[in-house]
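Peer 1: Structure of the sequence below:
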Amino acid sequence: MGNAFGGKGSVKIMNITGETFKLKTPVQAGSVLQNHPGHVLLASDAVVHFGARAKPLEPHHELKPRRLYFLVEQPSLPEAGMMRRVRSGVHMTAKDRLESLMLSRRSASDISTVRSASNADESGGVRVRLRLRKAEVEKLMAESKDGADVAEKIVGLCMSGGGGATAERDVHCDGADRGLARQGTSKSREKRVGFSLIEEGEIHLVAS
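Peer 2: Predicted coordinates:
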């Protein structure tokens, strides 16, 4: 098939634009970098195996004949701080690997911490979900003077959930812990409390 490098005693250097040039051996990496300040030299086989984690060649490294080397800009971050990049099983050309390497190195310097959005309401309201039997709901409504009275009794059920007669009522508190429910009870007279019957035997209580 012939020698693609044009000679047994030469090495091929490729930059990020895909342009290549050849150098006769023996030659060291430092000799190449003298004319390209701010760059590093990478062996193509190291890029294939390690991607962005490939280590630059030392200036005294002797370049091997009939090998391909990549000339890239020196990364702004140390190698230890770079993100891992999953290697693709798709066959890539030398230029594709070089471009992929540069993109991963560039993105590593632009990484910023993404803050997750808060799940809490801006109004600071507490949402409690209860499941009661239909008979229990009717009993609560019959024994209460108004909606606020019903809501206060429902909060009491949530606080005492699990054990004794409450276990028979099948009470479940979702969306707020007992600490929040206890806080809502202590300030039930100061906060506006309401409830709505979503479906048979299920109540949504909102305190704001």
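Peer 1: and the closest residue to L63 other than its chain neighbours, what element?
Peer 2: With C-beta to C-beta, 6 or more residues apart in numbering as the criterion, L63 has its nearest non-adjacent residue at 4.6 Å, and that residue is V11. Using the backbone N, CA and C atoms, a C-beta is placed for each residue, glycine as well. Here V11, judged by DSSP states H and E, is contained in strand 10-15.
Peer 1: Which strands and helices lie in contact with that strand?
Peer 2: Here strand 10-15 touches strand 20-24, strand 68-73, helix 94-108, going by 3 or more C-beta pairs under 8 Å, 6 or more residues apart in numbering; DSSP states H and E.
Peer 1: Pull it out as PDB, backbone CA atoms only.
Peer 2: Extracted in PDB, the C-alpha atoms of strand 10-15 (Å, rounded to 0.1, in the frame of the first residue of the first chain):
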ATOM      1  CA  SER A  10      10.000  11.100   9.200                       C
ATOM      2  CA  VAL A  11       7.200  11.900  11.700                       C
ATOM      3  CA  LYS A  12       3.800  13.600  10.900                       C
ATOM      4  CA  ILE A  13       2.500  16.400  13.000                       C
ATOM      5  CA  MET A  14      -1.200  17.500  12.900                       C
ATOM      6  CA  ASN A  15      -2.700  20.700  14.300                       C
END
